[in-house]
Structures are given as C-alpha cells and as structure tokens.
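**Q** Dropping the sequence and predicted coords here.
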Amino acid sequence: MKIVRCVSIAMCVAALTFAAPAQTIQVNKENRTIAITTSEQAEATADVAVVSVGFSTFGPDQDSTYADGSRISNVVIQALQDGGVKADSIESANQSLSQIEDSDKVRWAKGIRFSFSQSWRVTVAAKDAAAILHVAITSGANDSGGIQWKLANDDVVEAEAAQKALAHAQQIAESMTKGMHARLGPLVYASNQTPPRSIFGMALQTQEASLRASKPNLKPLAISPEKIQKSATVYAVFAIE
C-alpha cells in the first residue's frame, strides 16, 4: 500500500491563544500543548462498477433510423436483464435522433441522412463489469465501455485513513516531547478533513452495430477493478505534561 504523508507541527509553551478548526483553544503555562497536522491515505479495491452502455445507428430517413434505434435499444436492455441486471440498476443517460448535416459528405454520399444514439448507466458489482459489458456489446451496444469504479461504503476507508493520520500525529508529538524532556499528555482536540476523489474511467468503441452474429466466440474483456484511495488530514492538539 502506498502511503503519502504530509506533516506540519506547531508547538505552544507560553501564554497564547490560537484558532483551531471549529473552535478556539486557550493555551497557557498550566496547559501547554503541541499541535500537529498530518495527512495519510488508505486504499481498497472497488466493489461497485457503473458501466456506460450505449449505441449509435444511422439511416436514410427519420422513420427507418428511429425504427432501427428502437430495435437495438430493446435488444440491449433485454440482454442486460437476461444477464441478471435488475431494472432499477439501469439508468437512462441520453437518447437522441438527429438529422445529419450536408457538410458530412461521406455519409451523404452513402444516402445516410439521420443518426440515432442512446446510452445508459448500468450499476453492477465490480466483479460483473466485464461480463455485463460483453453482453451489451454483443447485443448491439457499439458505443460502450466507460466504467466509474466506486466503493459501496466509502466511510470504512476514510476512517482507516483518519486513524492512520491520528496515530502518525501522536508518534510525532511523542518524539517532540521527548526532545523537550517532557511527557506527552492526553489528546485535547482533533479534527478531520477528507478531500473528494477524482473519478477516472476507461473507454471503448466497437465498429459494428452488433458483434453477436459475426463474433460468436468472443470472450469478455480482461478488466480489473480500480484501487480507490481515500485521504484524511487530521489536526490534533495534545497536552504537554
């Protein structure tokens, strides 16, 4: 596990007043303190996957293009449900029927005038992401593959990062007080901040509208869940005895 640490230390031994997050702590000769800020990380393998599933199709006129889109749409959804995905785990993201501009010379030369696209977000267990993506693509979802990895319970990993940060803060405080020939007292105050995590994904596009007939022996892609890191910054104030 890769750990990133960030430490700052402030020590008060005279009659001072300083502001800590969420409250003001009085420091005087009878109540000497040492204040430390540390940051730590914890990580866990994602156990939830939000898979992006979608398709695009083209046609010579509005009616036939929409008809083809409707057919593919229902085939893909039925395949996902037959594959074990519950209806409430499928969320519509986008659907669009549009006319192709005459500036698209290539498609106009082929008599193509309309396009239809649709996409969904499918939430499944991380271990099932590859299988569900395979089902979708081989059923006609030719614009699929983005995966957002998540944890079913972020709090557990965030709490682990906070515990590491607080333990690290105490270690530093103990070392400092030994250098002062003093003894570290109890924890007076602590605050915790967990920054948001950036979301990363992967993308895949296939060229054919359906792979089921032409590629019957395809196997699911080799996909591994992302390792998700959570950070915590702890501000801790200890008494010095």
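**A** Cool, the structure landed. Numbering: from 1, shown residues only.

**Q** Kindly list the single helix or strand of this structure that scores lowest on mean pLDDT.
**A** strand 16-20 (a mean of 37; mean pLDDT, DSSP states H and E).

**Q** Who are the contact partners of the closest residue to Leu184 other than its chain neighbours?
**A** Take Leu184 and drop its neighbours on the chain: the residue closest to it by CB to CB, 6 or more residues apart in numbering is Thr177, 4.5 Å away. For the C-beta atoms, the positions are set from N, CA and C on the backbone; glycine is no exception. Going by CB atoms under 8 Å, 6 or more residues apart in numbering, Thr177 touches Ile34, Arg183, Leu184, Ile240.

**Q** Helices along the chain, start to end?
**A** For the chain, the helices defined by DSSP state H cover 62-82, 105-109, 129-137, 154-179.

**Q** Pipe those helices into CSV and attach distance to Ser231 and mean pLDDT per row.
**A** Converted to CSV, those look like this (distance: least, CB to CB, whole Å; pLDDT from 0 to 100):
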stretch, distance to Ser231, mean pLDDT
helix 62-82, 35, 96
helix 105-109, 48, 94
helix 129-137, 25, 94
helix 154-179, 6, 90
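
**Q** For Gln118, which of these is the nearest?
**A** When those are ranked by distance to Gln118, counting by CB to CB, first place goes to helix 62-82 at 5.5 Å.

**Q** Which of the residues in the closest one are classified as buried?
**A** Thr65, Asp68, Gly69, Ile72, Ser73, Val75, Val76, Ile77, Ala79, Leu80 (16 or more other CB atoms under 10 Å).

**Q** Pick the one among those residues closest to Asp102.
**A** Closest to Asp102, out of all of the buried residues of helix 62-82 and judged by CB to CB, is Thr65, at 16.3 Å.

**Q** Look up how far Val124 lies from Pro225.
**A** 11 Å (CB to CB, to the nearest Å).

**Q** Now do the shared contacts for those two.
**A** Shared contacts of Pro225 and Val124, counting by CB under 8 Å, 6+ apart, come down to Ala49.

**Q** Run through this structure and note the low-pLDDT ranges.
**A** Confidence mapping of the chain against pLDDT under 70 gives the ranges 1-31, 194-216.

**Q** switch to 90 and redo it
**A** For the chain, residues meeting the criterion pLDDT under 90 lie at 1-34, 153-159, 173-174, 176-185, 187-221, 239-241.

**Q** For it, which segments are assigned as strands?
**A** With strands called from DSSP state E, the chain shows them at 6-12, 16-20, 23-27, 33-45, 48-59, 90-99, 114-125, 147-150, 184-193, 227-240.

**Q** before we move on, back to that, hmm, which two among the contacts of Thr177 are most spread apart?
**A** Ile34 and Arg183 (11.5 Å).
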